[in-house]
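Student: one predicted model, sequence on top.
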Amino acid sequence: MGGANLHMFCNNAASVWIDVDGRGCIIPWPTPKPYELTFEEQKFTPAPAECGTKLKWEIEWKVSPDHAGAVMQHVRIRANVHTCDTNEKIHTHPYWEWGWGDSPSFWEAFSSYNVPAGGNGAVKRAFGTDLWDVPILEGTYGEVVDRGTAYFHEAPYNLWVPPVPEDKTWEGQKLWKSDPGVSRDSNKLTRSLKVSWNCCCDKTKRFASAERSPVKK
């Protein structure tokens with residue numbers, strides 16, 4: 001008992017930092033995130049992709065163990081689409097007319113809520129679905145790439161209210177131009193969708209293709 005407290009110099013947080021020999025703090029092993037974020041694919045249509053259709057990729061978010069909060073996702077879209085007759089770049093289609101440029105980058109939140117789970121009034125928590133859709137327009141050619149990086153943010157209740165007001169609302173979804181700055185309480189998931197096409201009159205050159213990248217954790 002008594003003597004110098006070697007731990008007081010370890011950021012005054014001996015339960016967080018490590019000072020194994022009293023000569024200085026070292027960075028501890030990363031603390032495992034308490035939640036796991038995954039998703040289930042609901043649809044990927046049409047397959048194969050076709051000119052004149054809208055490619056749709058829909059997934060449902062899953063968080064384990066069950067807890068209230070929100071799935072936060074950073075979405076980046078790159079659209080490079082031109083008309084066949086004049087080669088003019090298209091800026092006006094609703095899909096990428098965000099008012100934030102041709103390559104928008106934004107954050108969005110999918111808050112938890114309760115849904116029925118069988119009889120007797122049982123409920124389970126859900127975070128909703130995320131639908132990415134890309135119109136493969138006749139009379140155009142080009143490419144659209146969607147990329148999303150998501151994680152789970154723990155909150156004390158459902159229908160979580162973000163700490164900062166949204167910058168934009170699109171189809172009921174709250175969007176932010178910059179990171180809302182909330183805690184990241186799970187692994188990160190990164191996924192992307194690439195849709196390419198040539199839907200011009202020359203039938204020998206017409207094609208449409210879509211591919212999902214492997215999910216990175």
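Tutor: Okay, I see it. Residues are numbered from 1 along each chain as shown.

Student: which residue lies nearest the spatial centre of this protein?
Tutor: Geometric centre of the chain, nearest residue: Q73, 3.0 Å, by Cα atoms, centre = their mean.

Student: quick one: contacts for that one?
Tutor: Shown in contact with Q73 (Cβ atoms under 8 Å, 6 or more residues apart in numbering): W107, E108, A109, F110, D130, G148, T149, A150. Where you see a C-beta, it was placed from the backbone N, CA and C, and this is true even at glycine.

Student: host element of it?
Tutor: In the assignment (DSSP states H and E), Q73 maps to strand 69-83.

Student: same check on W57?
Tutor: Element membership of W57 [criterion: DSSP H and E] is strand 54-64.

Student: next, the buried residues of that strand.
Tutor: Neighbour-count burial for strand 54-64, counted by 16 or more other Cβ atoms under 10 Å, picks out L55, W57, E58, I59, W61, V63.

Student: stretch 77-92 too?
Tutor: Those would be I77, A79, V81, C84, I90, for stretch 77-92 by 16+ other Cβ under 10 Å.

Student: quick one: what helix or strand has the nearest residue in space to the third one that is not next to it in sequence in it?
Tutor: Excluding the flanking residues, the one nearest V81 by Cβ to Cβ, 6 or more residues apart in numbering is G142, at 3.4 Å. G142 is located in strand 140-154, with elements delineated by DSSP H and E.

Student: specify the angle between that strand and strand 54-64 in degrees.
Tutor: Computed by axes from the mean of the first three to the mean of the last three Cα atoms, to 10 degrees, the angle separating strand 140-154 from strand 54-64 equals 10 degrees.

Student: list the strands paired with the very next helix or strand once past strand 140-154, with their directions.
Tutor: Note on strand 140-154: by DSSP H and E, the next helix or strand toward the C-terminus is strand 168-170. Using DSSP bridges, the strands paired with strand 168-170 are strand 173-176 (antiparallel).

Student: before we move on, the earlier item: check the buried residues of stretch 77-92 and tell me the two furthest apart.
Tutor: Farthest apart among these by Cβ to Cβ are I77 and C84. That separation is 22.1 Å.

Student: chain center to the least confident helix or strand in the chain by mean pLDDT, what's the gap?
Tutor: Lowest by mean pLDDT, DSSP states H and E among the helices and strands of the chain is strand 168-170, with a mean of 78. Distance of strand 168-170 from the chain centroid (Cα atoms, centre = their mean, to the nearest Å) equals 16 Å.

Student: ok, now stretch 40-58?
Tutor: Here the centre of mass of C-alpha atoms in stretch 40-58, compared against the chain's by Cα atoms, centre = their mean, lies 18 Å away.

Student: pull out the buried positions in it.
Tutor: Under 16+ other Cβ under 10 Å, the buried positions of stretch 40-58 are F44, A49, E50, C51, T53, L55, W57, E58.

Student: need the pLDDT of the fifth one.
Tutor: Here the pLDDT value assigned to T53 is 94.

Student: from G119, how far out is H82?
Tutor: 55 Å (Cβ to Cβ, to the nearest Å).

Student: still on that earlier bit, closest to L37 out of the contacts of Q73?
Tutor: Each of those was checked against L37 using Cβ to Cβ; the closest is A150, at 6.4 Å.
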